[in-house]
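Visitor: attaching a predicted model along with its sequence, questions to come.
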Amino acid sequence: MSLKAISSKDAAALDKDLMDIGGFSLDQLMELAGLSVSQAVYRFHPLTKGKRVLVVCGPGNNGGDGLVAARHLAHYGYAPSIYYPKQGKNELYERLKIQLQNLQVPFVPDFTAALQSTDLIVDAIFGFSFQKPLREPFPSIIRQLEETKIPVLSVDAPSSWDIQEGPPKAGGEEPGATFMPAALISLTAPKPCVKWYKGRHFVGGRFLTKEIADKYDLDLPEYSGIDQIVEVGVNADEKL
């Protein structure tokens, strides 16, 4: 199965359409995205591979998706922890934090130390709205993600990658040139940077109507049973 990519501009417009004419709230879209992320974790890294999951959250909606995913993972039987260095100020993020605290999910203060005691990392730092340059503490986090042997699952795009142009150029000032997560979940549809990606690739977003999909010339994948995700290939020539 191969799916068409959607640009960051169209992805933003699609989200706006979902809220303006589709009847969805931001809470709902984040909940559906986070649920998809949690299912991708379960598929890629089942409990038998280790329960400890470090979810690294950025300050925007991608980080919110990570917070939702962590809540679901806790209910699945995982032992998630959260590294959230630049916390979003939206009231929605505050509620998501309270939900996690009520489940005794820890928020850890030291990323480097947390790496020593996890089985999987969920990269929920930046999504389709990412714009350079990276600002601390994220450059140091990206460098550690590049170097770690712990498997990483990235949400929507590998953090530090340009949504259109892919990973940073080798030898440049920006970290991330060699960052290649073991798994990637694209939300709603793949982004153009997926043509540089090599690894297991999932798509989540089982809520689009045919009308919305047609407007943005998107393919609707065939989800199985009650799954919120589907695994697809990464053949760029067919995707774009």
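Guide: Good, I have the coordinates. Residues are numbered from 1 along each chain as shown.
Visitor: quick check: buried residues in stretch 121-138?
Guide: Buried residues in stretch 121-138, counted by 16 or more other Cβ atoms under 10 Å: 121-128, 130, 134, 138. All C-beta spots, glycine's among them, are computed from the backbone N, C-alpha and C.
Visitor: wait, I meant stretch 49-57
Guide: 51, 53-57.
Visitor: for those, which one is nearest Ala114?
Guide: Leu54 (5.2 Å; Cβ to Cβ).
Visitor: help me confirm that the closest one is found in a strand?
Guide: Yes. If the criterion is DSSP: H, G, I helix; E, B strand; the rest coil, then Leu54 is within a strand.
Visitor: list the contacts for it?
Guide: 80-83, 108, 114-115, 118, 120-122 (Cβ atoms under 8 Å, 6 or more residues apart in numbering).
Visitor: and for Leu134?
Guide: 142, 160, 174-176.
Visitor: show me the two of those residues that sit farthest apart.
Guide: Ile142 and Glu174 (8.4 Å).
Visitor: the more surrounded of the two?
Guide: Ile142 (25 against 15; other Cβ atoms under 10 Å).
Visitor: the more buried one and Pro175 touch, don't they?
Guide: Yes. If you go by Cβ atoms under 8 Å, Ile142 and Pro175 touch, sitting 4.4 Å apart.
Visitor: so what sits against both of the two?
Guide: In contact with both Ile142 and Pro175: 134, 160, using Cβ under 8 Å, 6+ apart.
Visitor: follow-up on the earlier one: farthest-separated two in the buried residues of stretch 121-138?
Guide: Applying Cβ to Cβ across the buried residues of stretch 121-138, the maximum distance is between Ile121 and Phe128, 20.1 Å.
Visitor: I'd say Gln144 and Ala114 touch.
Guide: No. Gln144 lies out of contact with Ala114 (Cβ under 8 Å); the separation is 10.2 Å.
Visitor: you'd agree Ile121 is in a helix?
Guide: No. Counting by three-state DSSP, Ile121 is located in no helix; its state is strand.
Visitor: list the contacts of the closest residue to it other than its chain neighbours.
Guide: Of all residues not flanking Ile121 in the chain, Val152 sits nearest, at 4.6 Å (Cβ to Cβ, 6 or more residues apart in numbering). By Cβ under 8 Å, 6+ apart, Val152 lies in contact with 120-123, 145, 181-183.
Visitor: hmm, back to that, in JSON lines, list the contacts of Leu54 along with distance to Leu96, secondary structure and pLDDT.
Guide: As requested, those are exported to JSON lines (distance: Cβ to Cβ, whole Å; DSSP: H, G, I helix; E, B strand; the rest coil; pLDDT from 0 to 100):
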{"residue": "Pro80", "distance to Leu96": "13", "secondary structure": "strand", "pLDDT": "98"}
{"residue": "Ser81", "distance to Leu96": "15", "secondary structure": "strand", "pLDDT": "98"}
{"residue": "Ile82", "distance to Leu96": "10", "secondary structure": "strand", "pLDDT": "98"}
{"residue": "Tyr83", "distance to Leu96": "15", "secondary structure": "strand", "pLDDT": "98"}
{"residue": "Val108", "distance to Leu96": "16", "secondary structure": "coil", "pLDDT": "98"}
{"residue": "Ala114", "distance to Leu96": "19", "secondary structure": "helix", "pLDDT": "97"}
{"residue": "Leu115", "distance to Leu96": "23", "secondary structure": "helix", "pLDDT": "96"}
{"residue": "Thr118", "distance to Leu96": "20", "secondary structure": "coil", "pLDDT": "98"}
{"residue": "Leu120", "distance to Leu96": "20", "secondary structure": "strand", "pLDDT": "98"}
{"residue": "Ile121", "distance to Leu96": "19", "secondary structure": "strand", "pLDDT": "98"}
{"residue": "Val122", "distance to Leu96": "14", "secondary structure": "strand", "pLDDT": "98"}
